[in-house]
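just to be clear, the model below is a prediction. Sequence and coordinates:
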Amino acid sequence: MITENPVTTFLDELASAKPAPGGGSAAALCGALGAALVSMVCNLTVGKKKYADVEGEIKGILEKSEELRRRFVQLIEDDIAAYTAVSEAFKMPRDTEEQKAAREEAIQKALKAAVVPPMRMVEASVETLKLCMPVAEKGNVNAVSDAGVAAVAAEACMRSAAMNVLINLGQIADQEFVAQQRARLDELMRGMSELKEQVVAYVVAKL
């Protein structure tokens, strides 16, 4: 698994001509960084007398951010597997009409499956973004800039993953499926870039 290798190995493979890892995995890595930074602010807050009155809330956020971090790491692997399946489908033979039909069916099936990991990244990035303002407001003030970076990373994940959803949808023939996924994407992302800006503005005001 690529997530068990050093980050330098991941970056070397990302920079190579291999089809995966690609933008989807990079998006998930951004999300994992955002969730990890939320955890960092929480860990720098828990146990400090100054923040005793918010410790219970911060512990709850920490539990959630760690679950999100693990989810993003898994999504790096899921995206690689999904895109590899798409790539393999495109390599299927197409010398006869039967082969062409089988290839097209496999491509369409793989493309639909490839929508799932980046859509889950968007979902997880939205959840991560919603944790950033509470930790900026209530977490250790010395780490407030980390809460801001977490918001930026989470939004970068969201927008990057959304592009990976859209590029797959653009090749899918089932227009009912495409419409459903586009509607889901719009619903998830609504107001989230504005939330990121609010967190950044709050953090900058405290620096």
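Right, received. Where do you want to start?

longest helix of this structure?
In the chain, with assignment by DSSP state H, the single longest helix is helix 97-138.

that one: what's the following helix or strand?
Next along the chain after helix 97-138, taking DSSP states H and E as the criterion, comes helix 144-169.

check which helices and strands the helix or strand following that following helix sits against.
As assigned by DSSP H and E, the chain's next helix or strand after helix 144-169 is helix 175-189. Packing partners of helix 175-189 (3 or more Cβ pairs under 8 Å, 6 or more residues apart in numbering; DSSP states H and E): helix 97-138, helix 144-169. C-beta coordinates here come from the backbone N, C-alpha and C atoms, glycine included.

pull out the buried positions in the helix or strand just after helix 175-189.
Going down the chain from helix 175-189, the next helix or strand is helix 192-206, by DSSP H and E. Residues of helix 192-206 classed as buried by neighbour count (16 or more other Cβ atoms under 10 Å): Met192, Leu195, Lys196, Val199, Val200, Tyr202, Val203.

skipping adjacent residues, who's closest to the residue nearest the centre of the chain in space?
In the chain, the C-alpha closest to the average C-alpha coordinate belongs to Met121, at a distance of 3.3 Å (Cα atoms, centre = their mean). Ranked by Cβ to Cβ, 6 or more residues apart in numbering and with sequence neighbours excluded, the top spatial neighbour of Met121 is Ala161, at 3.6 Å.

number of residues surrounding the one you found?
Using other Cβ atoms under 10 Å, Ala161 is surrounded by 31 other residues.

quick one: contacts for it?
By Cβ atoms under 8 Å, 6 or more residues apart in numbering, the residues touching Ala161 are Gly24, Ala27, Ala28, Gly31, Pro118, Met119, Met121, Val122, Ser125.

let's see it at 7 Å
Taking Cβ atoms under 7 Å, 6 or more residues apart in numbering, we find Ala161 in contact with Gly24, Ala27, Pro118, Met121, Val122, Ser125.

quick one on the thing from earlier: where's the residue nearest to the centre of the chain relative to Arg159, distance?
Met121 is 10 Å from Arg159, where distance means Cβ to Cβ, to the nearest Å.
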